[in-house]
Structures are given as structure tokens and as C-alpha cells.
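J.: give the three-dimensional model of this entry:
(2 chains)
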Amino acid sequence: MLKKLKEKFVEIDGDLRLEERSNEIYGVTAVFETPDSVIEAAKKVEDYGYAKWDVNTPFPIHGMDDAMKLKPTKLGYATFTFGTIGALSALAMIAYMSGFDYKNIIGGKPFFALPPSIPITFELTILLAALFTIIFTLVVFNKLPKINHPLMETEYMRRVSSEAFGIFISAEDKKFNPDEVIGMLKSLGSNSVNLVYKFATDEDKIKTPIFKPAFLGILAGTAVLTAIITYVVLNYAIYTVPFDWMTNQPKLNPQKMSTLFADGFGMRTPVEGTVARGFKPYESYGKPDSLIRIISNPMPFTKEVFELGKKKYDTYCSPCHGNYGKGDSRLNGQFPNPPTLHSDKVRNWKDANIYHIIVNGQNIMPSYAKQINENERWAIVHYIRALQRSQNALDSDIPVDGNKK
Amino acid sequence: MKKLPGKFGTIAALLLVAGVVLIALGFFADKQRAFFNYIIMYSFIVSIAVGSLGIVALEFMTDAQWSTPFRRISEFLSFGIPFLLLLAIPIVFGIHDLYHWSHKEAVEADPILQGKAPYLDEGFFIIRLFAMIVLWLIFYILIIRNSEKQDETKDYKLLTRNVKISIGFAPVLMISLTITAIDLIMSLEPHWFSTIFGVYYFAGSAVAALSAMVFLSVSLKENGYLASELTDKQFHSMSTLLFGMNVFWAYIAFSQFLLIWYADIPEETFWLEHRMHGSWGVVSLALLFIHFVIPFLILLPGRMKENRLTLKTMAIWLLFAHFLDLYWLVMPNLNKESAFFSWNEIGSLLFIAGFFMLVFKFKADRTNLTPIGDPKIEQAIGLHLHPDISID
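T.: A predicted model of the protein is given here:
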């Protein structure tokens, strides 16, 4: 096992390394002991006119930008752009959700207003500015998911990421000459100057460990396992009582007992002689239809009324009578099919007769007085009349223009 | 050490005298108006004097090095604290003109005021007014004496002692500024209350005190003082601090607004109601832009934080913004209908400028402009390196 593992590594300078190196020089590294000396050295390197070089330190050093003559970073622009995108998308999201998609009245406030949107906008601005700047830099500058770099796995990198300060000069620099560079760095006071070689395989062809099946498999396995554990724990191990203080409060419920009243009923019978709001009593209630005294449909025949009638008909009547009143029930015989509403009998009825049936029901058809209020009943009557006319159209109903065709 | 020119003192004295004359005229013209104006001015002076002591304490508490070279600027400004004892006296005589709750017959007819009567009591009010000043004065003397003594003795222990005193000062500062804000400003409208009010005033004070510090730093640097002590890096850091504090102010101001807006309870909204309509509405909107939006956008880019001209302008701008903020808090209590602005305000502004210039000059003539005895100064000047490594 150990032998197999060892085969994967190569020995360079007495160290075990993952990747084999070639003979081609990648650059020169030099280690300095103090921040002062590395700043001084950086100034000199800059003066010598090298262009492709860098400084590696375990923490940011004040004044390094000046020493290396770096231009002010442009990262701020990226952050600003991401922040602006965050702010705008937050506002757009809230405006769409609370202004259009899911309007909810909260304390009589406008559906969309600026004040309550500010906190969310603020959070999203920060979130996007921070998160996307990091992702952006990781991908663009660090070339994630690639995690190999010739400077990795060297003694140099081990030191400058913990206790020392280093300068690296790339072989790609136009002025690069190994002996000259080594001599210069030594003269600047470094006592550890080394050559770094390129990888033996082409850098781009090195498979990044992130994409290795074993790694991906472990990742997916962990995700599935975590999900299962979470599900089991939350649903079985630590089951909590649902938050139901709103439903279980001391109040009167219909059809429920209540200790508040002497008779133990939660529901009250209305005081004699009173009517519920919006419900005018129908004087022929429970009486034969010969006693109907209403002469005509009081609702005007407008588009709104027609649409109301259609809506209520489709909800309450169509399950039995069918969408067009033909008696072709959607209930498919589970309930006796009602007769068609297009019979001569119903067509010759007065509007009030249909109204009467909605309120009283007829034989096995129950009353719909409780579900449908007065105006809606009349609107349904209008709609049934329209249905009847549509199924029994006369020649004269067809527009004259259409006749000519 | 180079001394400030004598001309500086003359100008300061002239400003002060002009301010006093205008304020005095104000008292002859309309006593009540002048007292309201006086409250603005007094709160502003507290903001800078006490706020500056807060900045000094902040440096000790956080053991900061970068600000040591110009710590004296804030120390000098906090010399305004002893004079508060004098400046507070007129308020005692203005209580009846200023505070509705000080009228016995008003309290008797008003159950809400009766409930608040034990706190909003004339005698207790005056005690609190002066007790706060005495508190500040004690800490002023403790901190500044140690700091100045160190110039000669170079004793390291004075520094550690100041760190401890400053830590003690932090809660005192917060509570005392809250009490000041509630007493002087919030109780102008005794029916209204906001639990965040103290923080609001504190945030504004921090912005004002930092602005004063930034303005003086840039001006001194431009005139050849603190030449090696102040670098671009320092300007960058101090303006970042100013920028951050200003965002904090906006955060607090908005928090107060949002909660009132959301809860929509009449006993809270009426305070904002008249501030949001008519000419007060214009002032409120102006405050939003002058205090927050414009400085935010200008100071946001990194390079702007090192640009001396921008810094100087924004510092003065924010000082004015704090004045406007106090004006917006105080004046609508006098006249709810419409905003007004006249030479009374100019008088206070002149007085404030002259007062702090004189205070600064007086201290600058007698004390080093940099705390040369502070062990942190050597590391701070020409600050390049990580503090822990640079000690050889």
C-alpha cells in the first residue's frame, strides 16, 4: 500500500513532490528574513527594471505597493459593479414580488414601498459585492479550479507562507538571465536563492484533483449522507410541536363547544327579526314556486355581471349540470344526472323560477342559498340565459355580415 | 516645534466676538427663538468636545498606532469640555422657554407628562446637565494629564494607565451622551420618544468630531506642520473611519425612521409627520442627501480618501451636515409649519468656529503637537511594517 502511494510521488531535493519537474527554468526565488529587507530588495528589483516578478509574504506589508510601484488596484470597480447589481436586483425582486406577484396587505402599507425594501437591498448589496468579488478573483486571478502552480510544493512557498518574505522573478521576463538574477538577489541580502523548474507535464494537462472521481464521489456521498441525517433528525429524532398559537387561541369556533355560554354552544342563533349582513331574506323560501312574486332579473346585463355569473356557474353548477348546461355531469354518474337546462320548460321559465331553484333546490338538487348571495344568483340566471341562447341560436342571431359569406 | 501664527488667534477671537454679538442680538429680538438656537449650538459643541475625547479614548482602547501622530488634534479639541460648565448656564435660564414639561399647569392637564414628571423635573434636569459635564471633565483630566505628562517622563506605564481609564470611559461616554440627547433635544417634544435617539446623537457626534480632526489634520499638513507624521496612508485610514462613521449615522437614522414608519403608531409618527411635509420636508430630504448620499458617493472611491482637497471639503461639509442635523432635530419643535433660517444660525456657526479655534490655539501654544513621549510614536512615524515584527 505504502509502496503504491510512494510511486505517485517524485523525489526532488530530498523532498517528496506530487508532480515531476522538467529541466526548464520557471524562475528564481529568494527568501528574506524581515519585512524591512524585503521592501528594500523590492525597491531595488523595481529599479533594475524587471517586469515579471512578484513578492510573497505571509501577511500584507504596508508600503509594498509603493516599493513595487504597483498601480492602484482596480478591484474596487468590480466590487462596485457587483454591489450595484446586488442593489438593483434586490429592488427589482421586491418590487416584483410584493408589487405584482404576491400582493399582500400588511398594516395598510403600500404593496411596494421603499422604506421596508432598504434593509434587503442593503444586505444584497453587501452580499453580492463581497461574494462575487471573491468568486471573481478566485476564478479570474487564481484560475480556480486549477490548484497547481510551479511555486507550490517548494521550500520557498513553505517558508514565505509562514515565517519569511520572498521575491520571485519569472523566467518569462525579457531581462531574465539566471546567473545575473541569482547574483543580484544574493547581493540584495538573501541567503537562500533557488531555481524553480517547470512541471514535467504540460501545466494545463495536469488533472486538477477537484475533478478526480474519488473526490467528486466523496463530495456527493457527504451531501447525500448529510441530507439523510438532517431529514431523520428533524422529522423523527427531535420532532417539535408545530407553531399553532394562532389557530389554538381562546375564541368561538363554528360547530364547536364553548364554555362561555350557558347552553355550551359556540354558535349563536341570530336575534329574532334580524338578518345577516348582505343576506336579504327571500320571501318565497321553502314555498312552492307558484308563490314567486318577483317579476324580472334586477341585475343589469353588463360584461362584469356576465363574467361573475360565469364564474359562479362554473364553480357551483357545472359539476352537475355540465359546462354548457346540457346535463352531462362531470360526476360521471356518481350523482343522478340532472336534466338539461335547454329544455323548452326551462327556456320558457321566468328568470325568477331559476332563481327560486338556486335558493330552494329541487327534489335531490340541494339549496345553494348559503354559498351564493343574492346578486350572484341573479348573475348566474343571466349566464344560464346566455347559455340557452347559444345552444338554440336562431338565424337572426347570426350577424348579417356572416350570412353573406 | 513650530508655533501656530498669531494671526490664527486674532481671526479666532474676531469670529468668537462676532458670534457673541449676533447671538446677543438674537436674544433681544426673540428670546425663545434664541434659546432654541442656543440648544443647537450647545449640542454641537458637546458633539465636538466630548466626541474628540471619545476619539482619543478609542485610540488607547484599541491600542492603535497609526493615529498616535495626530492624536493631539483631538486632545486639543476636547479642551472645550471645561468651558461647557460656562456654556451650560444660559440653558438653566431658558428652561421655561424651551421645555413644555417645565410648565406646571401643562403637566397637570396632561396624564402623559404626569407619568414622566419624576424624570422631567426642573431640578433633576439641571443636576443632570452639570453632572454630565463633571463626568466628562473628570475623564478629560485623567486622560489628557497622563498623555501630556508622558511627553516629559516618557513613562510607558502612563500609556497602560490611559488604556484602562479609556475602557472605563467608554460606557460613561455612551450613557452620558444618551442622557444629554434625551434631556436637551428629545424632551423638547416631551410626548415623543425614540429608544435609539441617544445612539443617533452619538453617531452624529462621532461624525462631527472626526470631521473636525480630519479638517485640522489636512490644514496643518498643508501649512507645514506634522510634515513627516502625516502620510497618505494616514489620510486614507482617517477618512475611511469618517466614511464608516457616516454610514453608521445613516444606518441609525434609517433604523429610527423605518420602525416608526412600519409601526405607524400615532404617538410616534406625529414627530415625523410635520418633518415630512412643506418646507420641513425639503429640509429632511436635504439632510438625507447632504449628510449621507453625497458624502457617501464622493468618499467611496479609494483614491478620493487620499485627495487632500476632497478630504478638507468633505470634512467641512460634514460639520455643516451635523449642524443641519441638530437644526432638524430642534427647530421643528418651535415652529411645526415651516422651516426658517436667519442670522441666528450664522451667529452660532461663527461662535463655534471661533471657540474651537481659540481652544486649539491655546493648547497648541503650550503643548507638543505630537505626543513625543508615547512609545507608539516611533513605530507610527514612517509606518510601513507590521507592528509585531518591526520592533528590533
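J.: just give me the neighbour total for the one residue in chain A that gets nearest to chain B.
T.: Here chain A gets closest to chain B at one residue, A:G63, 3.8 Å apart by CB to the nearest CB. (Each C-beta comes from the backbone N, C-alpha and C, glycine too.) Neighbours of A:G63 under the rule other CB atoms under 10 Å in any protein chain shown: 17.
J.: against B:D63, how distant is it?
T.: 21 Å (CB to CB, to the nearest Å).
J.: which residue lies nearest the spatial centre of chain A?
T.: The residue lying closest to the centre of chain A (CA atoms, centre = their mean) is A:M93, at 10.2 Å.
J.: the helix or strand in which A:V381 is found - contacts with which helices or strands?
T.: Assigned by DSSP states H and E, A:V381 belongs to helix A:374-391. Contacts defined by 3 or more CB pairs under 8 Å, 6 or more residues apart in numbering or on different chains; DSSP states H and E place helix A:374-391 against helix A:303-312, helix A:351-360.
J.: now that helix: buried residues?
T.: A:374, A:376-388 (16 or more other CB atoms under 10 Å in any protein chain shown).
J.: and that helix, how far from the chain's centre?
T.: 44 Å (CA atoms, centre = their mean, to the nearest Å).
J.: quick one, it and helix A:351-360 angle?
T.: Relative orientation of helix A:374-391 versus helix A:351-360 (axes from the mean of the first three to the mean of the last three CA atoms, to 10 degrees): 120 degrees.
J.: quick one, helix A:374-391 and helix A:303-312 angle?
T.: 90 degrees.
J.: before we move on, the earlier item: tell me which of the buried residues of helix A:374-391 is nearest to B:W249?
T.: B:W249 lies nearest to A:E376 out of these, by CB to CB, at 57.1 Å.
J.: which residue is the nearest non-sequential neighbour of the closest one?
T.: Nearest in space to A:E376, with sequence neighbours left out and distances taken as CB to CB, 6 or more residues apart in numbering or on different chains, is A:K312 at 4.9 Å.
J.: cool, A:F279 as well?
T.: A:N373 (6.7 Å).
J.: contact residues of chain A facing chain B?
T.: A:34-36, A:39, A:59, A:61-63, A:72-73, A:76, A:80, A:107-109, A:115-116, A:118-119 (CB under 8 Å from any CB of the partner chain).
J.: please, a ChimeraX command that selects the buried ones among these?
T.: To isolate the buried ones among the residues of chain A next to chain B in ChimeraX, judged by 16+ other CB under 10 Å, type:
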select /A:35,36,39,61,62,63,116,118
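J.: hang on, the earlier thing: and for the residue nearest to A:F279, the neighbour number?
T.: With other CB under 10 Å as criterion, A:N373 counts 14.
J.: surely it is in contact with A:R277?
T.: No. A:N373 is not in contact with A:R277 according to CB atoms under 8 Å; the separation is 10.4 Å.
J.: could you see whether chain A lies near stretch B:224-241?
T.: Yes. Stretch B:224-241 reaches chain A (CB under 8 Å from any CB) through B:K233.
J.: distance between that stretch and the chain's centre?
T.: 21 Å.
J.: save the buried residues of helix A:374-391 as a markdown table, and put in pLDDT too.
T.: Shown next, in a markdown table, are the buried residues of helix A:374-391 (pLDDT from 0 to 100):
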| residue | pLDDT |
| --- | --- |
| A:E374 | 87 |
| A:E376 | 92 |
| A:R377 | 92 |
| A:W378 | 92 |
| A:A379 | 94 |
| A:I380 | 94 |
| A:V381 | 93 |
| A:H382 | 93 |
| A:Y383 | 94 |
| A:I384 | 93 |
| A:R385 | 91 |
| A:A386 | 91 |
| A:L387 | 91 |
| A:Q388 | 90 |
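J.: fine by me, thanks again.
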